[in-house]
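Asks: Have a look at this prediction, sequence included:
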Amino acid sequence: LKQVFNKDKTFRPKRKFEPGTQRFELHKRAQASLNSGVDLKAAVQLPSGEDQNDWVAVHVVDFFNRINLIYGTICEFCTERTCPVMSGGPKYEYRWQDDLKYKKPTALPAPQYMNLLMDWIEVQINNEHIFPTIVGKCEEE
């Protein structure tokens, strides 16, 4: 269990919404909908009077947190030796390109690819221009 929570691994702490904020309330509503066994289409519909960007942001962050937990439970079984390629089955191979260190699509072992991917997503989520934490504030303003 200690390895799962190792900071050098891809597990990251959950991104939280401040209690008392509109995003916190949206997150609670989303959690209640998803955990109540209701129709998924209805669960993800934009609540009346809510900002679409805030609603989408809440779901993106929640999805990231869930994927992070899932990956954290399996990452010890997928090593560079056991998972030398990041693939989606026998037909698809994912290659990493970030225009910084990897200028061209580069084949990487799955754990390395996942570390880069999770780091990239976390940077996007923490970017105030993409995911502002002040409710109702977006890039166009």
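Replies: Right, received. Where do you want to start? Residues are numbered from 1 along each chain as shown.

Asks: list the buried ones in the lengthiest helix in the chain?
Replies: Using DSSP state H to define each element, the chain has its longest helix at helix 52-74. Neighbour-count burial for helix 52-74 flags 53-55, 57-62, 64-65, 68, 71-72 (criterion: 16 or more other Cβ atoms under 10 Å). From N, CA and C alone the C-beta is placed, and that goes for glycine too.

Asks: of all these, which comes closest to residue 108?
Replies: residue 71 (15.5 Å; Cβ to Cβ).

Asks: State whether that closest one and residue 114 are indeed in contact, as I suppose.
Replies: Yes. The pair residue 71 and residue 114 qualifies as a contact (Cβ atoms under 8 Å) at a distance of 6.4 Å.

Asks: what's the burial count for the residue nearest to residue 108 when sequence neighbours are not counted?
Replies: By the measure of Cβ to Cβ, 6 or more residues apart in numbering, the closest residue to residue 108 outside its immediate chain neighbours is residue 96, 5.3 Å from it. By the criterion of other Cβ atoms under 10 Å, residue 96 has 19 neighbours.

Asks: Tell me how far residue 96 lies from residue 67.
Replies: Distance, residue 96 to residue 67, using Cβ to Cβ, to the nearest Å: 17 Å.

Asks: All the helices of this protein, in order from the start?
Replies: 22-35, 40-43, 52-74, 110-125.

Asks: Where does pLDDT dip in the protein?
Replies: Counting by pLDDT under 70, the chain has low-confidence residues at 1-15, 17, 22-23, 25-27, 30-38, 40, 135-141.

Asks: Can you give me the distance of the most centrally placed residue in it to residue 103?
Replies: Per Cα atoms, centre = their mean, the C-alpha nearest to the average position across the chain is that of residue 64, at 2.0 Å. Separation of residue 64 from residue 103 (Cβ to Cβ): 26 Å.
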